[in-house]
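In: only geometry, no sequence info:
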């Protein structure tokens with residue numbers, strides 16, 4: 001497990017793929033990003049920003065770009081306050 005405090009560029013996707021939905025413009029936020037065994041743990045800072053973004057109904061996916069250019073995209077699960085878990089999409093070999 002690694003814990004990476006710093007800034008991330010976050011894009012949130014509301015609605016199911018293939019259906020009418022909404023995608024936010026990428027925004028940079030201070031966050032703590034931790035890779036767990038089966039997902040990424042994301043804590044947005046300050047808490048008020050995270051709650052405002054994550055409380056909207058229908059949040060299903062997210063895209064995170066780290067400061068080193070690493071891109072992580074996948075399904076959002078376990079949304080609580082300013083915290084969520086992201087299950088990364090697996091790229092075919």
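Out: Alright, I've got the coordinates. Every value quoted in this text rests on a predicted model; they were computed, and no experiment measured them. Residues are numbered from 1 along each chain as shown.
In: got a list of what residue 65 touches?
Out: Residues in contact with residue 65 (C-beta atoms under 8 Å, 6 or more residues apart in numbering) are 8-9, 26, 71-72. Every residue, glycine included, has its C-beta placed from N, CA and C.
In: And the furthest pair within the residues you listed?
Out: Using C-beta to C-beta, the two most remote members of the contacts of residue 65 are 26 and 72, lying 13.1 Å apart.
In: re earlier: so which of the contacts of residue 65 is the most crowded?
Out: residue 8 (23 neighbours; other C-beta atoms under 10 Å).
In: That residue is in what secondary structure piece?
Out: Element membership of residue 8, judged by DSSP states H and E, is strand 2-14.
In: hmm, back to that, shared neighbours of residue 26 and residue 72, anything?
Out: Common neighbours of residue 26 and residue 72, using C-beta under 8 Å, 6+ apart, are 63, 65.
In: between the contacts of residue 65, which is nearest residue 40?
Out: Using C-beta to C-beta, those come closest to residue 40 at residue 72, 6.2 Å.
In: Grab the nearest non-local neighbour of that closest one.
Out: Nearest residue to residue 72, sequence neighbours excluded (C-beta to C-beta, 6 or more residues apart in numbering): residue 64, at 4.5 Å.
In: Report the buried residues of stretch 6-21.
Out: Across stretch 6-21, burial judged by 16 or more other C-beta atoms under 10 Å covers 8, 10, 12-13.
In: Which strand residues bridge the most centrally placed residue in the chain?
Out: By C-alpha atoms, centre = their mean, the chain has its centre lying nearest to residue 62, at 4.4 Å. With DSSP bridges applied, residue 62 shows beta-bridge pairing to residue 12, residue 74.
In: can you check residue 31 too?
Out: residue 6, residue 44.
In: Per-residue confidence, it, what does it come out as?
Out: With respect to pLDDT, residue 31 scores 94.
In: Could you do residue 3 as well?
Out: pLDDT, read off for residue 3, is 58.
In: How about the one 5 residues further on?
Out: Residue-level confidence at residue 8 comes out at 95, pLDDT.
In: Strands along the chain, start to end?
Out: Using DSSP state E, the strands of the chain run over 2-14, 22-23, 27-35, 40-44, 59-66, 71-80, 83-88.
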